[in-house]
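> no FASTA, just this:
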């Protein structure tokens, strides 16, 4: 019998608090390991009514004939194998409270049952959930460089000297992290001054002035340059302001320099207009979204002309524009920027390795690792191959440095295609040195880091940070007690504070243990111990102890996912609906500058369906997103751009 206080209690006051205390939400959320299960928590700011409806919807996890046999009870107590382990203690008040709720759910019927099931349908469809509205987005450093290149013909990449950008949600372009620090504002000012000065050094050597210098030409220059710089027509007061500024110059070119310098510091240049209530600017906002999504740069003359003629108002028109743009080399450069962030090139380019153990690893080798991944993924995209081969392809594009690491013959030409021998057990990015090296320590592999990377980058599943105060130090192997990495990490299985998360990531990382900290193959685990005893000195070679490697692994939450090599894991991920959807989510996050929300579920689902029906052609994924109504009409918002004054 349940105590009286546990009977007929609201879900929000009872069982919901039990599940929250058990940290079930950390996995059972749209980005969690259990995202594909039937238990998905509502957003953290959900109303009490929605929480109650969520509680009623859990009826699908209840055995109405035998409530005590319900998944909702047996999973959190680990009576049925649960990836998260035991979250509730058998016989505890928490278990009794959850049991009371399960029994209550077993009795609902009629309209109550229909309402519970309708909640699930509404949530799956994203009904009633509005996607966040973003009016302005600051140009990223790469977009700044590309924009001044296309606007001014400047190739100096001034943004490389700006304060570094932070990675948020896996990318550097997420709008909530695009703050304007005093140092960045100072950098903008210095860059604008230098760019404008260089643009007119020696006159108009770059052909920026469209006419013979005169009063009429001044008007034309401000109008045409302003259109390109602000990615929309200037308003009358803006036109007048910049013409007045030009007249203050010592000559026509000096005046043009002053106007350009001011425009480059204006919020209208530094920020992209994502959406607007101004009907005159709406087509130009669409053009800017297109260009910065597909080119990582400003719109060209063709795109601006289409905006001026209101020719970007339909999905068909936008698709036509997108396909033209995808044929341009700028699209390839923009895709390279996307994958450099998705695959965290920055980590390998700043990595250090033990020089004695890995003399092959140099700055040049690190750059080669990023180039291999860039060429490999670019080949899948631009040659219309199956993009999901990024986890299972049995070939890559390497140079001589990488050939030495992979143990294959160097290709005749740098970064040309090389087939891996079957016994290499390499597959796609999972077998490439980039992934294997950036997820390793300076002197040894890191199964936890490798498993975490697969979870976050290829499955889009967030794993919670370790609790504060947890001792993360692992036992050190000794000559008397040598241990493999798997042996050292075994404590994660026995420690309840560690098990929940490490059970989700360590078993994935173990499957890569036949590849060392720079991605070279090894069949035995080697430990080096410094010589001791009488006569030992710095020249005495270390003692080598070799151990067998157990590479058996699995992906908790993915059916039939046991594997023992990157090649086998590649086959698992290739077939995984989570991995396929993650590719769509990663591009969505990068293109929109934010995480997806429940309101974005219909769009994610539609793009994923198009991606699948195209046999996983990545260009079709991009086009599907670009021509969606969500991209075309992101919503109306306050016209915030007018709150700023051009400098």
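Received it, and whenever you're ready, just let me know what you need. Predicted, not measured: the structure shown is a model, and the values here were computed from it.

> going by C-alpha atoms from here, please, whenever you check contacts or count neighbours.
Fine.

> who touches the helix or strand containing residue 318?
Using DSSP states H and E, residue 318 sits within helix 315-326. Here helix 315-326 makes contact (CA atoms under 8 Å, 6 or more residues apart in numbering) with 290, 294-295, 303, 311-312, 331-332, 619, 623, 626-629, 632.

> neighbours around the nearest residue to residue 146 once chain neighbours are set aside, how many?
Spatial nearest neighbour of residue 146, chain neighbours left out: residue 297 (5.3 Å); criterion: CA to CA, 6 or more residues apart in numbering. Using other CA atoms under 10 Å, residue 297 is surrounded by 27 other residues.

> then the one 10 residues further on?
Number of residues near residue 307 (other CA under 10 Å) recorded here: 24.

> give me phi/psi at residue 397?
The phi/psi pair for residue 397 (degrees, to the nearest 10) reads phi -130, psi 110.

> for it, list each beta-bridge partner.
Using DSSP bridges, the bridge partners assigned to residue 397 are residue 417.

> tell me where the protein has strands.
In the chain, the strands defined using DSSP state E lie at 136-138, 271-273, 395-398, 416-419, 525-529, 543-547.

> select, out of the ones you listed, the one closest to residue 25.
Residue 25 lies closest, by CA to CA, to one member of the strands of the chain: strand 136-138, at 30.9 Å.

> each with direction, which strands does that closest one pair with?
Sheet pairing for strand 136-138, using DSSP bridges, gives strand 271-273 (antiparallel).

> list just the nearest of the contacts of helix 315-326 to residue 136.
Checking the contacts of helix 315-326 against residue 136 with CA to CA, the nearest one is residue 290 at 14.6 Å.

> make sure that closest one is actually in contact with residue 626.
Yes - Residue 290 lies in contact with residue 626 (CA atoms under 8 Å); the separation is 7.4 Å.

> for the least confident helix or strand in the chain by mean pLDDT, list every residue counted as buried.
Every helix and strand of the chain was ranked by mean pLDDT, DSSP states H and E. The lowest is helix 491-494, at a mean of 73. Under the neighbour-count criterion of 16 or more other CA atoms under 10 Å, helix 491-494 has residue 492 buried.

> next: stretch 71-79.
Those would be 71-78, for stretch 71-79 by 16+ other CA under 10 Å.

> what about the residues you listed, which are in helices?
Mapping the buried residues of stretch 71-79 onto helices (DSSP state H) picks out 71-74.

> and residue 292, what does it touch?
Residues near residue 292 by CA under 8 Å, 6+ apart: 143, 298-299.

> returning to that earlier point: give me the more crowded residue out of residue 290 and residue 626.
When residue 290 and residue 626 are compared for neighbours, residue 290 comes out ahead with 26 against 23, by other CA under 10 Å.

> OK, contacts around that one?
Per CA under 8 Å, 6+ apart, neighbours of residue 290: 299, 322, 626.

> for the residues you listed, which one is nearest residue 95?
residue 626 (48.1 Å).

> where's that closest one relative to residue 172, distance?
Per CA to CA, to the nearest Å, residue 626 is found 21 Å from residue 172.

> ditto for residue 518
26 Å.

> picking that back up, right, so of the strands of the chain, which gets closest to residue 561?
Short answer: strand 395-398, nearest of these by CA to CA, at 22.7 Å.

> for that closest one, which helices and strands make contact with it?
If you count contacts as 3 or more CA pairs under 8 Å, 6 or more residues apart in numbering; DSSP states H and E, strand 395-398 packs onto helix 363-382, strand 416-419.

> got JSON lines for the ones you listed, with mean pLDDT and mean neighbour count too?
Converted to JSON lines, these look like this (pLDDT from 0 to 100; neighbours: other CA atoms under 10 Å):
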{"stretch": "helix 363-382", "mean pLDDT": "98", "mean neighbour count": "20"}
{"stretch": "strand 416-419", "mean pLDDT": "96", "mean neighbour count": "15"}
